[in-house]
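Undergrad: Make a model of this:
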Amino acid sequence: MDQKKSPLSPSRRKFIGTSLSALAGISIVPRRVLGGTNYTSPSDQITIGYIGTGKQGRGTLFKKFIEIPEVQIVAACDVDTQKLSDFTQKASAYYAENKSQKANQIDVYGDFRELLERKDVDAVIIVTPDHWHATASILACEAGKDVYCEKPLALTVGEGRDMVKATRKHQRVFQTGSMQRSWEDFQRAAELVINGYIGDIERVVVSVGGPPDACEQPAEPVPNYLDWNMWQGPAPKREYSSFFAPPMSWDGWPRWRYCKHYGGGLMTDWGAHMFDIAQWALGKDDSGPVEVIPPDGKEYKVLTYLYEDGTPMVREDFGKGNAVRFEGSEGVIEVSRQFLNVPENLKDQKISDNDIRLYKSRDHYRDWLDAIRQRSKPICDVEIGHRTATVCNIGNIAYELNRPLRWNPKKEKFKGDREANQMLSRKQRDFWS
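TA: You can find the predicted model right below:
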């Protein structure tokens with residue numbers, strides 16, 4: 001399948017790093033308030049382009065959005081032409097079979113900047129490896145697109161903050177793909193915890209995998225269907241290995257997520273789900289811990305975070321897979337995708353009108369679409385996604401440096417540790433120049 005070409009403006013050619021001005025305080029407002037002769041209100045139909053058509057892009061996120069009648073997929077981009085072709089064939093077949101939805105030509109691209117130039121694309125779904133999230137999201141916001149970006153939001157704390165700034169500056173609607181917030185069991189657990197139904201929280205236990213590896217791999221010939229240079233993007237240049245960018249025949253999750261420079265290991269991959277629920281239930285969506293302490297074999301057996309109020313949160317396997325346990329003075333709540341365990345006396349407990357009521361969503365994907373129409377913040381707004389990714393990222397830094405770190409969640413800097421602060425961002429390869 002031929003990939004469409006279109007001229008790129010100079011602004012689209014410029015690599016966006018950390019130079020966006022700080023406008024984090026701006027709220028998203030209804031579009032009608034903005035005025036202007038070029039403004040048109042959102043129609044019932046929302047046109048979408050996919051940036052990334054790998055396992056998740058052709059799987060869950062394909063199925064969830066294409067089955068929504070008011071969504072129209074009009075474009076897709078990938079550096080792997082085989083995966084791109086498979087995506088478009090599936091989408092075209094679905095539209096041909098479902099006559100109630102308008103069948104259309106889905107244009108394909110090898111460079112997402114060309115997709116972003118299209119004026120008829122309302123929003124983009126970013127399903128790239130983690131090291132691409134910030135660049136693609138920021139340029140999408142600049143291009144006036146609303147964004148759904150897979151979790152974990154960013155590879156570094158600095159990139160995550162830049163994504164928040166770009167979203168606010170360009171008044172975009174940004175949903176992070178931490179979809180557990182739209183699951184009833186997780187909301188139930190979070191509301192019971194935040195409202196004190198198990199008393200004072202004495203400890204939070206988050207069971208997820210560990211930090212990334214260097215993942216040194218022998219070089220392989222680059223397959224003719226893959227633009228390996230573009231796949232690497234802003235990451236350090238290295239020789240191709242199918243370990244990082246597997247062919248379509250590989251049925252597992254791509255292993256780049258375990259490798260430094262591309263992902264944050266299972267610490268971020270699953271941590272972006274489970275630490276997210278912990279932050280939510282503790283009421284820390286706009287903040288975070290103030291200390292992070294790696295295992296020392298003595299007082300601290302496992303990675304430990306401390307919040308300003310003294311609440312500890314640890315990364316520890318308590319034998320029930322990827323899950324969260326809240327240990328309170330009056331009971332324990334455990335939650336995962338497979339179970340919700342609450343004390344017997346709370347099984348029928350109703351959350352009262354006087355209690356804190358958390359944002360309620362039963363469909364993470366429609367919630368984003370509704371927010372696009374209303375010009376409001378969705379359940380997992382970019383700031384929330386950034387704060388959760390920050391917890392994961394500073395944990396990885398503590399593991400790597402192997403020393404306790406003091407964190408200032410307001411300034412988003414470590415206290416008195418220059419080396420740790422240098423690790424809050426990364427040197428990006430200016431491969432476009």
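
Undergrad: Relative to the whole chain's centre, how far out is the helix or strand harbouring Gln82?
TA: Assessed by DSSP states H and E, Gln82 sits inside helix 81-97. Relative to its chain's centre, helix 81-97 lies at 25 Å (Cα atoms, centre = their mean, to the nearest Å).

Undergrad: just stretch 119-131 next, same as before
TA: Using Cα atoms, centre = their mean, the offset of stretch 119-131 from its chain centre is 12 Å.

Undergrad: coming back round to it: list the buried residues for the helix holding Gln82?
TA: Going by neighbour count (16 or more other Cβ atoms under 10 Å), the buried part of helix 81-97 is Thr81, Gln82, Lys83, Leu84, Ser85, Phe87, Thr88, Lys90, Ala91, Tyr94, Tyr95. To be clear about C-beta, it is placed using only N, CA and C from the backbone, and glycine gets the same treatment.

Undergrad: Next: stretch 398-406.
TA: By neighbour count on 16+ other Cβ under 10 Å, the buried set for stretch 398-406 is Ala398, Tyr399, Leu405, Arg406.

Undergrad: go on, stretch 54-73?
TA: 54-58, 61-62, 64-66, 71-73.

Undergrad: and what of stretch 301-318?
TA: Leu303, Thr304, Tyr305, Leu306, Tyr307, Thr311, Pro312, Met313, Val314, Arg315, Glu316.

Undergrad: ok, and the closest non-adjacent residue to the third one?
TA: Excluding the flanking residues, the one nearest Tyr305 by Cβ to Cβ, 6 or more residues apart in numbering is Pro289, at 3.9 Å.

Undergrad: The one you found should be in a helix, yeah?
TA: No. Pro289: not assigned to a helix; according to DSSP: H, G, I helix; E, B strand; the rest coil it is coil.

Undergrad: how deep is it tucked in, by neighbour count?
TA: Neighbours of Pro289 under the rule other Cβ atoms under 10 Å: 25.

Undergrad: and it, what is it in contact with?
TA: Shown in contact with Pro289 (Cβ atoms under 8 Å, 6 or more residues apart in numbering): Tyr305, Leu306, Tyr307, Met313, Val391, Ile394, Trp407, Pro409.

Undergrad: sorry, back to before: tabulate the buried residues of stretch 54-73 (a markdown table), appending pLDDT and secondary structure.
TA: Shown next, in a markdown table, are the buried residues of stretch 54-73 (pLDDT from 0 to 100; DSSP: H, G, I helix; E, B strand; the rest coil):
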| residue | pLDDT | secondary structure |
| --- | --- | --- |
| Gly54 | 93 | coil |
| Lys55 | 91 | helix |
| Gln56 | 92 | helix |
| Gly57 | 93 | helix |
| Arg58 | 94 | helix |
| Leu61 | 96 | helix |
| Phe62 | 96 | helix |
| Lys64 | 96 | helix |
| Phe65 | 97 | helix |
| Ile66 | 95 | helix |
| Val71 | 95 | strand |
| Gln72 | 94 | strand |
| Ile73 | 95 | strand |
